[in-house]
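> Have a look at this prediction, sequence included:
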Amino acid sequence: QVQLVESGGGLVQAGDSLTLSCAASGRTFNINALGWFRQAPGKEREFVGVITWGRGSTYYGDSVKDRFTISRDNAKNTVYLQMNSLKPEDTAVYFCAAQFPPPRTIKGMRNYDYWGQGTQVTVSS
């Protein structure tokens, strides 16, 4: 098993930046990829981006591409979501999720095996 703990959420203004962290513990050596998703009230959970655990390759959803960046600190087993130029429509609960082998489609939330509890990000206009 693996445990995921998100942190760093908060209330910011439009145009601000914010960095979320996802600390992984447990059987992290077997993770295939670690993704970020978000869910706004009344909406479905949306793919934000993902980083593969081995190569560190990153992929992003269209709505955040060029504004958000995912990085990782292998020594700390922590993945970061750097969010720039935040917009009110970025307001949501942000979740990190771990995918174990076998590799599956990275954008599908059902393809992730463990989830964190989420952290709230609110962007005011």
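Structure received. Residues are numbered from 1 along each chain as shown.
> Please, where are all the strands along the protein?
2-7, 10-13, 18-26, 33-39, 46-52, 58-60, 68-73, 78-83, 92-99, 114-115, 119-124 (DSSP state E).
> Which among those is found nearest to residue 106?
In terms of C-beta to C-beta, the element of the strands of the chain nearest to residue 106 is strand 46-52, at 4.6 Å. Using the backbone N, CA and C atoms, a C-beta is placed for each residue, glycine as well.
> returning to that earlier point: looking at the strands of the chain, which is nearest to residue 107?
The nearest among these, by C-beta to C-beta, is strand 46-52 at 4.4 Å.
> ok, back up a step: want to throw the strands of the chain into CSV with mean pLDDT, distance to residue 107 and mean neighbour count?
Output for the strands of the chain, formatted as CSV (pLDDT from 0 to 100; distance: least, C-beta to C-beta, whole Å; neighbours: other C-beta atoms under 10 Å):
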stretch, mean pLDDT, distance to residue 107, mean neighbour count
strand 2-7, 96, 18, 17
strand 10-13, 98, 26, 13
strand 18-26, 97, 17, 18
strand 33-39, 97, 8, 24
strand 46-52, 96, 4, 21
strand 58-60, 96, 8, 16
strand 68-73, 96, 14, 17
strand 78-83, 97, 16, 21
strand 92-99, 97, 11, 23
strand 114-115, 96, 15, 17
strand 119-124, 98, 20, 17
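> Look up the closest residue to the residue nearest in space to the middle of the chain, ignoring the ones flanking it.
Residue closest to the average C-alpha location in the chain (C-alpha atoms, centre = their mean): residue 36, at 2.1 Å. If the residues on either side of it in the chain are set aside, residue 36 comes closest to residue 48, at 4.1 Å by C-beta to C-beta, 6 or more residues apart in numbering.
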